[in-house]
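Any chance you can model this:
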Amino acid sequence: MAHQGDIQTRTGPPFVTCFVAVQDVTDAAMGPTEFLPGTNTLKHHEEFEDAERRDDLLLRSPTQLALLQQGDCSLYDTSTLHAGSANRSTKRRRIFYCTFRSISLGDDRTVDEPGSIRGDVLERRWSLRDVRHALKEWHAKKDA
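Predicted coordinates for the structure are as follows:
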């Protein structure tokens with residue numbers, strides 16, 4: 001997760017992500033997202049990208065698991081170092097997430113950032129109506 005630009009001297013993050021728990025993720029065995037608070041700085045990203053310093057950064061950084069009940073959300077600066085931990089339970093871990101981009105198009109931190117890892121999402125814009133429809137379809141299949 002490399003982010004270019006001096007992220008320490010800007011006002012506000014270029015991207016903010018919201019994870020919403022579609023089900024309870026209250027057990028660490030389910031592999032909740034693990035955050036490294038305070039790592040949304042250029043200094044931390046340079047350390048993370050340097051293979052010789054990465055392990056030390058990970059060992060000394062405090063972590064926070066996003067244990068969430070259904071409907072809870074985790075809202076964070078997307079440049080904060082984070083990762084999904086291993087799901088060692090028999091349950092699937094489902095979350096809904098969306099990322100909000102800064103309206104400052106001239107912000108060099110948003111250059112070449114696709115905003116999604118899913119090609120189908122990049123190909124079209126989703127309205128809130130599209131999201132509601134997709135969630136209803138998912139629930140109907142789940143309950144069938």
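
contacts for the strand or helix carrying residue 137?
Secondary structure from DSSP states H and E places residue 137 in helix 128-143. With contact meaning Cβ atoms under 8 Å, 6 or more residues apart in numbering, helix 128-143 is reached by residue 96. Any C-beta I mention is one placed from the backbone N, CA and C, and that applies to glycine too.

one more time with 7 Å, if that's ok
By Cβ atoms under 7 Å, 6 or more residues apart in numbering, no surrounding residue is in contact with helix 128-143.

Nearest residue to residue 71 in space, ignoring adjacent ones along the chain?
residue 21 (6.5 Å; Cβ to Cβ, 6 or more residues apart in numbering).

Test my guess that the one you found contacts residue 74.
No - using Cβ atoms under 7 Å, residue 21 makes no contact with residue 74, being 8.3 Å away.

overlap in contacts of the two?
residue 68.

what about the helices in this protein?
With DSSP state H applied, the chain shows helices at 42-49, 51-60, 119-123, 128-143, listed in chain order.

List the buried residues in the first one.
Yep, that's helix 42-49 we're talking about. 42, 44-45, 47-48 (16 or more other Cβ atoms under 10 Å).

How many residues are close by the closest residue to residue 15 other than its chain neighbours?
Take residue 15 and drop its neighbours on the chain: the residue closest to it by Cβ to Cβ, 6+ apart is residue 78, 3.7 Å away. Using other Cβ atoms under 10 Å, residue 78 has 19 other residues around it.

By mean pLDDT, flag the weakest helix or strand of this structure.
Every helix and strand of the chain was ranked by mean pLDDT, DSSP states H and E. The lowest is helix 119-123, at a mean of 62.

on that earlier part again, which parts of the helix holding residue 137 count as buried, going by neighbours?
For helix 128-143, it's none, nothing buried (16+ other Cβ under 10 Å).

swap in stretch 59-76?
Neighbour-count burial for stretch 59-76 flags 61, 66-68, 73-74, 76 (criterion: 16+ other Cβ under 10 Å).
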